[in-house]
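1. compute the structure for the input listed below.
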Amino acid sequence: MATEISYRILLADDHPRIRRGIRKMIEKIPELQVVGEVGDGIELLEFLEKCKTDMVISDLSMPKMGGIEATRKIKANYPEIKVMITTIHNDIEYQNRVLSAGAEGYLLKDSLAEELFPAITTIRQGGTYAVPL
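-> Numbering: from 1, shown residues only. The predicted model follows:
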């Protein structure tokens, strides 16, 4: 019997509690694996140099380098990596900036529990997931 390869996810958020909450949700799905956690955009890019990652779930607002700038750099250097941005900002302008930077997803933090898995699935299958604002 073939073992399914895990879909490797990196969590980037400057709030450890948020990262822990997302990790706990992801760990409930056997084919998903959290390969690491970082607290800012610089650490995010450094992590990607060292560890194979399929998706980054990143906060929009982080110290040193925010999610939009990090997304641009990820897409320039690792175009195969999918990016989902999480935020508290229920704002079409932010959503447009995130998607224009190359992210495949825009998810509000207050809807993570209900929408995290549909978002991951949609993005994993090649789609874009953006909440209607």
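
2. to what extent is E46 buried, counted in neighbours?
-> 12 (other Cβ atoms under 10 Å). C-beta here means a position set from N, CA and C on the backbone, and glycine is covered the same way.

3. ok so it is a helix residue?
-> Yes: judged by DSSP: H, G, I helix; E, B strand; the rest coil, E46 forms part of a helix.

4. so what's the closest residue to it other than its chain neighbours up against?
-> In this structure, E46 finds its nearest non-sequential neighbour in V38, 7.9 Å apart by Cβ to Cβ, 6 or more residues apart in numbering. V38 sits next to L10, L11, A12, L44, E46, F47 when contact means Cβ atoms under 8 Å, 6 or more residues apart in numbering.

5. looking at these, spot the one nearest A70.
-> L44 (5.3 Å; Cβ to Cβ).

6. I'd assumed D59 was in contact with that closest one.
-> No: taking contacts as Cβ atoms under 8 Å, L44 lies outside contact range of D59: 9.9 Å.

7. those two: who's more crowded?
-> Neighbours were counted for L44 and for D59 using other Cβ under 10 Å; L44 has more, 29 against 24.

8. with adjacent residues omitted, what lies nearest to that one?
-> Per Cβ to Cβ, 6+ apart, closest to L44 is A12, 4.4 Å.

9. that older thread, okay, and the beta partners of the residue nearest to E46?
-> A12 (DSSP bridges).

10. buried set for the helix or strand where R20 lies?
-> Using DSSP states H and E, R20 falls within helix 16-26. Neighbour counts over helix 16-26 (16 or more other Cβ atoms under 10 Å) mark I18, R19, G21, I22, M25, I26 as buried.

11. burial of the residue nearest to L44, as a residue count?
-> 27.

12. check which element follows the biggest helix by length in the chain along the chain.
-> What stands out as the longest helix in the chain, according to DSSP state H, is helix 112-124. The helix or strand immediately downstream of helix 112-124 is strand 129-130, counting by DSSP H and E.

13. quick one: strands adjacent to that following strand?
-> strand 105-108 (parallel).
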